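Structural data only, the sequence is not supplied:
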């Protein structure tokens, strides 16, 4: 399988397998800001740090904020709004419960229409 890559101002995403991503992030970037309808994902931080915000979809309380450090992992369940910010450059891996090809990802993902970091 040839590794597909997507590069933008935030860094690079490499598709290692149908449900496994390697994500390089640049300091100051924001990723996610969405929810998944059917599938969750497990993330492992190889280097850097993630400031992670989450709240069950439809909830009105302030979201939980977690600091995820190098060597730590976390799970995002389906129907949880989530956003990741990156204070430093880093690399993390994401393993999904379902396929993560572009078509499957778009069917399963709903972008948030608000900033979860400012609720």
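That came in fine, so what should we check first? Quick caveat, the model's predicted, so the values are computed rather than measured.

hmm, which helix or strand of the chain has the shakiest average pLDDT?
Ranked by mean pLDDT, DSSP states H and E, the helix or strand of the chain with the weakest confidence is helix 102-108, at a mean of 88.

Tell me the buried residues in it?
Neighbour-count burial for helix 102-108 flags 104, 105, 108 (criterion: 16 or more other C-beta atoms under 10 Å). Just so you know, the C-beta spots here come from the backbone N, C-alpha and C atoms, and that holds for glycine as well.

Likewise for stretch 27-39?
Buried residues in stretch 27-39, defined by neighbour count with 16+ other C-beta under 10 Å: 29, 31, 32, 33, 35, 36, 39.

need these in JSON lines with pLDDT and distance to residue 81, can you?
JSON lines is the format used below for the buried residues of stretch 27-39 (pLDDT from 0 to 100; distance: C-beta to C-beta, whole Å):
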{"residue": "29", "pLDDT": "98", "distance to residue 81": "18"}
{"residue": "31", "pLDDT": "97", "distance to residue 81": "14"}
{"residue": "32", "pLDDT": "96", "distance to residue 81": "9"}
{"residue": "33", "pLDDT": "97", "distance to residue 81": "8"}
{"residue": "35", "pLDDT": "98", "distance to residue 81": "5"}
{"residue": "36", "pLDDT": "97", "distance to residue 81": "10"}
{"residue": "39", "pLDDT": "96", "distance to residue 81": "15"}
